[in-house]
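J.: here you go, sequence then predicted model.
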Amino acid sequence: MRADLLVIAGTLLWCAVSHAAEPAEPGPAGGAAEDTALAVRSQRGQVGALTLHWLETGPADGLPVLLLHGARFHSGTWQELGTLARLAKAGIHAVALDLPGYGQSPAPPPGASLDLAEFIAAQKLDRPVVLSPSMSGHFSLPLVTGHPDQVSAFVAVAPVELPAYQSKLRQLTLPTLILWGENDQVVSLEQGKALHEWVKGSQLVVLQGARHPCYLDRPDQFHAALFKFLRTVASKRAK
């Protein structure tokens, strides 16, 4: 009986030692690096006389996307909506900027104004896709019409000041996605249709039942249209 117990004990000890000697099964590749890439980072920087704040996420070598915002919103809107997380998970380098006087960007000093081309150059963004809702048209339209070589594509989400740039927009050759709420009472859908006519090859997506901030009313449809467009842009850049 005692001999049997010694044999069993020896067998168990051998199994334990053998198991401990086996190499551990590797975990998911790049776990820590992936977590870092998906983290949303709060950034600050100086562009001329302006101090600016922005949120940044996604891999540094991913397709760069610069997200602006409307007058009632800020960079955090894109985090709250889940847009930043979706972009980062898709391998996109997203930068959501607080325009001067909004969010955590202080108001500009007298006489100073934001030139998005300078911000893009300062942050070394390689021809980003620029997403511009509502009030941010004041900043995006001078960029895409005056410096189209610094941009890969334009996502117009009911931006203001379109009529003032009509002649230049008619000459625009950038890939352009136009997203509009069917029930927009701030910038009429007619302006979205006009923009679609002016920019040759542009795409117009009307979100049914949505108001001016169409991304809030129809986030799933908004993101679906956006990501379909971004895949096309990324594919063209890779060629």
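T.: Noted; the coordinates are in hand. Numbering: from 1, shown residues only.

J.: residue contacts, the residue nearest to residue 38 when sequence neighbours are not counted?
T.: Once flanking residues are discounted, residue 38 sits nearest to residue 88: 4.7 Å by Cβ to Cβ, 6 or more residues apart in numbering. C-beta here means a position set from N, CA and C on the backbone, and glycine is covered the same way. For residue 88, the contacting residues are 37, 38, 40, 57, 58, 59, 94, by Cβ atoms under 8 Å, 6 or more residues apart in numbering.

J.: and these, which two are furthest apart?
T.: For those, the maximum inter-member distance is 13.3 Å, found between 40 and 59 (Cβ to Cβ).

J.: spatially central residue in this protein, please.
T.: The centroid of the chain falls nearest to residue 94 when counting by Cα atoms, centre = their mean (3.9 Å).

J.: bridge partners for that residue, pull those for me.
T.: Following DSSP bridges, residue 94 is listed with bridge partners residue 57, residue 65.

J.: correct me, but it touches residue 54?
T.: No: using Cβ atoms under 8 Å, residue 94 is not in contact with residue 54; the gap is 9.8 Å.

J.: so where is this protein shaky, pLDDT-wise?
T.: 1-34, 36 (pLDDT under 70).

J.: make sure residue 120 is actually in contact with residue 66.
T.: Yes: contact status for residue 120 versus residue 66: in contact at 7.1 Å, counting by Cβ under 8 Å.

J.: mind listing the shared neighbours of the two?
T.: Common contacts of residue 120 and residue 66 (Cβ under 8 Å, 6+ apart): residue 128.

J.: residue 229: what secondary structure?
T.: Classification of residue 229 by DSSP: H, G, I helix; E, B strand; the rest coil places it in helix.

J.: quick one: contacts for it?
T.: 153, 155, 175, 177, 203.

J.: tally of neighbours for the residue lying closest to residue 72 once chain neighbours are set aside?
T.: Distances taken as Cβ to Cβ, 6+ apart place residue 213 nearest to residue 72, at 7.7 Å, with adjacent residues excluded. Neighbour count of residue 213, defined by other Cβ atoms under 10 Å: 22.
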